[in-house]
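Participant: the sequence isn't on hand, but the structure is:
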């Protein structure tokens, strides 16, 4: 994912910064505990498509 794009993206719910996960398949919002998928290099920023982060992922 382009670092410039990551700099301007924010969580659609709380507007906090997002983190790219280690395998670069999701954007994580630690404030809301959600992981937004990246499909075909396009972030899917819909709450209905997000999954809940595990406790271990939230502490990462």
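Facilitator: Received the coordinates, thanks. Because the structure is predicted, anything quoted here is derived from the model rather than measured.
Participant: check which element follows the longest strand along the chain along the chain.
Facilitator: Longest strand of the chain, by residue count under DSSP state E: strand 34-39. Reading on from strand 34-39 to the C-terminus, the next helix or strand found by DSSP states H and E is strand 42-43.
Participant: C-terminal to that next one, what's the next element?
Facilitator: Moving toward the C-terminus from strand 42-43, the next helix or strand (DSSP H and E) is strand 51-52.
Participant: direction included, what does that following strand pair against?
Facilitator: Each strand that strand 51-52 pairs with, and the sense of that pairing, follows from DSSP bridges: strand 34-39 (antiparallel).
Participant: who touches the strand it pairs with?
Facilitator: Outside strand 34-39, the residues that touch it by CB atoms under 8 Å, 6 or more residues apart in numbering are 1, 11, 13, 18, 21, 24-29, 43-47, 49-53, 57. Quick note: C-beta positions are derived from backbone N, CA and C, even for glycine.
Participant: before we move on, what about stretch 41-56?
Facilitator: In this structure, residues lying in contact with stretch 41-56 by CB under 8 Å, 6+ apart are 1, 5, 9, 12-13, 27-28, 30, 33-38.
Participant: make a PyMOL selection of whichever of those turn out to be buried.
Facilitator: Paste this into PyMOL to select the buried members of the contacts of stretch 41-56, with burial taken from 16 or more other CB atoms under 10 Å:
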select buried, resi 9+27+28+30+34+35+36+38
